[in-house]
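1. Below: sequence and its predicted model.
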Amino acid sequence: NVVIEKARPIRYRETYPEWTPQAMLEDPLALVLSKAKEWCYEREFRIMGSPTGGPAKLVDGQFVPLPDGALTAVILGCECPHEAKLTDLINEHAPGLKIKRIARVSNVYKLQLVD
């Protein structure tokens, strides 16, 4: 599957990635492909796209179909700018699908899953 081939592995780290102009030039995806080391058991890969196109859409503009039961929950990131809109969309198209949120833990590079 072409979409799956474009998935990028997450880098698990002890500290936040650098957010300097030089670091962003050297590794512009560091911020979106990094997670705290405690999540390494997930062995996560990410597929990045946009609403107007990208690897998550097929040639005909439709999103990649998933078999029934492929999703058990949607996890919204700690800085999700459209939480209410996404929640409404999920409830409309996948009623009963669990929606969880990630929250930062103060003063450490650690995230917490909240139901």
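-> Done, it's in. Everything numeric here is computed off the predicted structure, so don't read it as measured data.
2. Output the below-cut-off pLDDT ranges for the chain.
-> By pLDDT under 70, the weakly predicted segments of the chain are 1-5, 49-66.
3. Look up how far A84 lies from the residue nearest the centre of it.
-> Centrality entry for the chain: nearest residue to the mean C-alpha point is R46, 6.4 Å, by CA atoms, centre = their mean. Applying CB to CB, to the nearest Å, the value for R46 to A84 is 23 Å. All C-beta atoms are positioned from the backbone trio N, CA, C, and that covers glycine.
4. quick one on the thing from earlier: tell me how far the residue nearest to the centre of the chain lies from R8.
-> If you measure R46 against R8 using CB to CB, the figure is 6 Å.
5. Check V105 too.
-> V105 sits at a distance of 25 Å from R8 (criterion: CB to CB).
6. higher neighbour count, these two?
-> Neighbours per residue (other CB atoms under 10 Å) separate V105 from R8, with R8 holding more: 14 against 11.
7. who touches that one in this structure?
-> R8 makes contact with 29, 33, 45-48 under the criterion CB atoms under 8 Å, 6 or more residues apart in numbering.
8. Which of the residues you listed fall in strands?
-> Secondary structure defined by DSSP state E assigns 45-46 of the contacts of R8 to strands.
9. Could I have the buried ones of the contacts of R8 as PyMOL selection syntax?
-> Listed next is the PyMOL selection for buried residues among the contacts of R8, using 16 or more other CB atoms under 10 Å:
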select buried, resi 33
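10. mind putting the contacts of R8 in TSV, distance to V74 included?
-> Written out in TSV, the entries for the contacts of R8 read as follows (distance: CB to CB, whole Å):
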residue	distance to V74
L29	22
L33	20
F45	17
R46	14
I47	14
M48	16
